[in-house]
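Chemist: heads up, no residue letters with this:
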Ligand SMILES: Nc1nonc1C(=O)N[C@@H]1CC[C@H](O)C1
């Protein structure tokens with residue numbers, strides 16, 4: 001998978017290719033990252049990449065032409081089809097389902113804004129979709145791009161070893177992850193739940209699923225639809241409720 005990133009700070013994104021799972025995915029040839037700086041495509045002595053907003057107001061807006069030239073250079077660097085994504089708070093929420101969709105593509109082109117954002121005409125003409133990593137405002141789209149890079153990198157075949165399997169991650173099945181414990185069994189902060197020490201894999205799986213259901217119900221009611229639960233999940237939830245009532 002190839003990811004090109006348009007950013008005024010290409011080194012920022014290059015750092016994603018150094019550490020952890022993403023760095024390993026790059027080392028293993030599962031992913032390649034390429035940064036493109038619109039300032040290298042800006043004209044004039046000052047190589048301007050932004051200007052004041054029409055209509056007045058604070059801040060600056062990124063100019064069309066340097067970004068468009070950088071986009072075209074990135075697209076031309078590889079013959080494979082590419083999906084162009086602009087990271088912005090106005091985008092659709094990034095979800096694990098969307099990450100899976102993106103991770104299945106041959107190429108992604110991530111456009112990072114700075115200042116107040118980019119000229120709307122460029123979005124309309126050149127962007128396939130806008131994505132947001134959350135309802136807050138960053139100083140630049142680079143952190144959002146880094147989130148996309150990390151999330152899709154770890155889904156590349158061969159990026160994770162068995163111990164890091166993505167299969168049981170949070171949201172892989174639409175629910176939050178269960179609690180995790182490791183040595184020591186007893187600690188001043190508490191002990192490991194007995195079921196996890198039982199060696200009974202069926203009981204452990206049921207306990208983990210129950211914890212996942214309850215956590216999602218309590219912490220993310222927006223993700224929890226009890227009517228959509230399987231019969232087995234309903235039973236686990238009923239058992240938990242009965243235990244709470246004791
Ligand atoms: N939340 C987000 N999810 O994706 N991107 C953002 C985000 O805050 N972007 C900044 C807004 C103005 C600046 O141009 C960059």
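Modeler: Here it is on my side, so go on. The structure presented is a predicted model; accordingly, all values stated were derived computationally and were not measured.
Chemist: list the buried ones in the longest strand seen in the chain?
Modeler: When the chain is parsed with DSSP state E, its longest strand is strand 83-93. When burial is assessed from 16 or more other Cβ atoms under 10 Å, strand 83-93 yields the following buried residues: 84-89, 91. C-betas here are computed from N, CA, C, even on glycine.
Chemist: So which bits of this protein are right by the ligand?
Modeler: By the criterion of Cβ under 6 Å from any ligand atom, the positions of the chain lying close to the ligand are 87-89, 113-115, 117, 132-134, 136-138, 140-141, 144.
Chemist: Most neighbours out of those, which is it?
Modeler: Using other Cβ atoms under 10 Å as the contact criterion, the top neighbour count among those goes to residue 141, which has 29 neighbours.
Chemist: so how far is residue 133 from the residue nearest to that one when sequence neighbours are not counted?
Modeler: Ranked by Cβ to Cβ, 6 or more residues apart in numbering and with sequence neighbours excluded, the top spatial neighbour of residue 141 is residue 112, at 3.4 Å. Distance, residue 112 to residue 133, using Cβ to Cβ, to the nearest Å: 12 Å.
Chemist: Surely the residue nearest to residue 141 is in contact with residue 146?
Modeler: No - with the criterion set as Cβ atoms under 8 Å, residue 112 and residue 146 do not qualify as a contacting pair; they are 9.4 Å apart.
Chemist: So these two - more neighbours on which side?
Modeler: Remark: of residue 112 and residue 146, residue 112 carries more neighbours, 28 against 21, as counted by other Cβ under 10 Å.
Chemist: For the more buried one, give me the pLDDT.
Modeler: pLDDT, residue 112: 98.
Chemist: which residues sit in contact with it?
Modeler: Residues counted as contacts of residue 112 (Cβ atoms under 8 Å, 6 or more residues apart in numbering) are 5-8, 87, 140-142, 144-145.
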